[in-house]
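Q: What shape does this take:
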Amino acid sequence: MSFQTDVIALQKLKDASLWFIIIGVLALIGEVARVAAVVMAIVDLVLLFMMAIPKLRDAFQTFASTGKDVSRGFTGINLILPGIIIELIGGILAIAGIFSASLGLAVAGGIIVLLAAIVLFIAYLLIGLVIYNLGSFYSNDMLKIGGILIIIPFISFVGWILSYVSVDDIIRKLSGGTMMPQPYTAPSMYQPQVYQVGQGIIRLDGTVTLTLYSSITVNIVSASIDNTLYTTTDVNPNMLNPGNNSVTMRFLGVTGLVPGNNYYLTIYLSNGTSIKAVVTCTPT
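A: From the prediction side, this is the model:
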């Protein structure tokens, strides 16, 4: 998938994070204002299932379309509903046991609530791990920390705040730090397009291999590694034909690459445009 798809996925993650922040804030208000606790809980559930979860699922689906493994995130999302249903059942039984002075019923309700808490913890653990892995992929510590905090009950909304804030920084990095994210506009079928397909790699010796899709015939003039002085004109093939093109680039004298880290490239084309690509460092 193209660089544009990464940006779209990140923007969707930012949107989903905002709704989880709102839900977290409302939950805190409900805790402080006990009278409004029931109302806030109902509002939270409505927002969770009508807004937050669908938007997060959509974000994960877009990330998945770029080849990223977010399967655990889908599992986590799918566990939230049964976790909440189990929690409600347990809560009702516990309350019924208290009002009926039935110790056994109250204890059973409490055990079911505890089971629900475990299910929900696992759900957010899986979601948080996916967010953490996305932070690792994009080399963004704030998103990684956000993923960790999402796992922790009662302060998970702080993790969503960090996730929300980190997205703009990631998009700036993807754009080479020279542009702010722009609203996505579906490309016209008549506009020439060149973009990366899948995930590229860069070896420790500076050799890059990646796949570029082009809708036109155009030459690659040069390429550079963002935020470094490394550039190259050693590109094979240097002409892109319509369709997918497997391209190899060689950056000479490259040092300091870290296996597992992602590096961003700017590729300059003969029609006066440039595109972005992301490659992962591999030792072999």
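Q: So for stretch 233-241, what gets flagged as buried?
A: Residues Val235, Leu240 are the ones in stretch 233-241 that count as buried (16 or more other CB atoms under 10 Å). Every residue, glycine included, has its C-beta placed from N, CA and C.
Q: Pull the distance from that stretch to the chain's centre.
A: Offset of stretch 233-241 from its chain centre (CA atoms, centre = their mean, to the nearest Å): 32 Å.
Q: got it, and stretch 124-136?
A: Distance, centroid of stretch 124-136 to centroid of chain: 8 Å (CA atoms, centre = their mean).
Q: For that stretch, give the mean pLDDT please.
A: In this model, stretch 124-136 has an average pLDDT of 94.
Q: And for stretch 80-91?
A: Stretch 80-91 comes out at a mean pLDDT of 91.
Q: Kindly report the same for stretch 39-53.
A: Here the average pLDDT along stretch 39-53 is 85.
Q: Tell me the span between the first and last residue of that stretch.
A: 20 Å (CA to CA, to the nearest Å).
Q: buried stuff in it?
A: Buried, per 16+ other CB under 10 Å, within stretch 39-53: Met40, Val43, Asp44, Leu47, Leu48, Met51, Ala52, Ile53.
Q: Okay, and which of these map to strands?
A: Among the buried residues of stretch 39-53, DSSP state E puts none in strands.
Q: Considering those residues, which is situated nearest to Phe154?
A: Proximity to Phe154 was ranked across the buried residues of stretch 39-53 by CB to CB; first place goes to Asp44, at 13.9 Å.
Q: What residue, apart from its backbone neighbours, is nearest that closest one spatially?
A: Ile23 (5.0 Å; CB to CB, 6 or more residues apart in numbering).
Q: Reformat the buried residues of stretch 39-53 into a markdown table and put distance to Ile89 next to each item.
A: Supplementary listing: these in a markdown table, determined by distance: CB to CB, whole Å:
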| residue | distance to Ile89 |
| --- | --- |
| Met40 | 21 |
| Val43 | 21 |
| Asp44 | 18 |
| Leu47 | 22 |
| Leu48 | 18 |
| Met51 | 24 |
| Ala52 | 22 |
| Ile53 | 20 |
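Q: Run through the neighbouring helices and strands of the host helix or strand of the residue nearest to Asp44.
A: Using DSSP states H and E, Ile23 sits within helix 3-32. Helix 3-32 sits against helix 37-47, helix 53-65, helix 156-174, strand 194-203, strand 274-282, with contacts defined as 3 or more CB pairs under 8 Å, 6 or more residues apart in numbering; DSSP states H and E.
Q: Next SSE downstream of the second one?
A: Proceeding C-terminally, helix 53-65 gives way to helix 71-99 as the next helix or strand, assigned by DSSP H and E.
Q: what about that next one, distance to the chain center?
A: 26 Å.
Q: tell me what that helix is packed against?
A: Using 3+ CB pairs under 8 Å, 6+ apart: helix 71-99 touches helix 53-65, helix 103-137.
Q: between it and helix 53-65, how many degrees?
A: 160 degrees (axes from the mean of the first three to the mean of the last three CA atoms, to 10 degrees).
Q: which residues sit against the helix or strand of the chain with the lowest mean pLDDT?
A: Every helix and strand in the chain was compared by mean pLDDT, DSSP states H and E; the lowest is helix 37-47, with a mean of 76. Here helix 37-47 makes contact (CB atoms under 8 Å, 6 or more residues apart in numbering) with Trp19, Ile22, Ile23, Leu26, Ala27, Ile29, Gly30, Glu31, Ala33, Ile84.
Q: got the contact list for the third one?
A: Right, Ile23. When contacts are counted by CB under 8 Å, 6+ apart, Ile23 is found next to Asp44, Leu47, Leu48, Ala52, Phe157.
Q: Next up, phi/psi of the residue sitting furthest away from the middle of the chain, please.
A: Farthest-out residue of the chain from its mean C-alpha position, per CA atoms, centre = their mean: Ala101, at 48.2 Å. The phi/psi pair for Ala101 (degrees, to the nearest 10) reads phi 60, psi 30.
Q: just to revisit the earlier point, mind giving me a markdown table with the contacts of Ile23 and columns for distance to Lys68?
A: Shown next, in a markdown table, are the contacts of Ile23 (distance: CB to CB, whole Å):
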| residue | distance to Lys68 |
| --- | --- |
| Asp44 | 29 |
| Leu47 | 27 |
| Leu48 | 24 |
| Ala52 | 21 |
| Phe157 | 24 |
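Q: which one of the residues you listed is nearest Phe74?
A: Closest to Phe74, out of all of the contacts of Ile23 and judged by CB to CB, is Ala52, at 14.8 Å.
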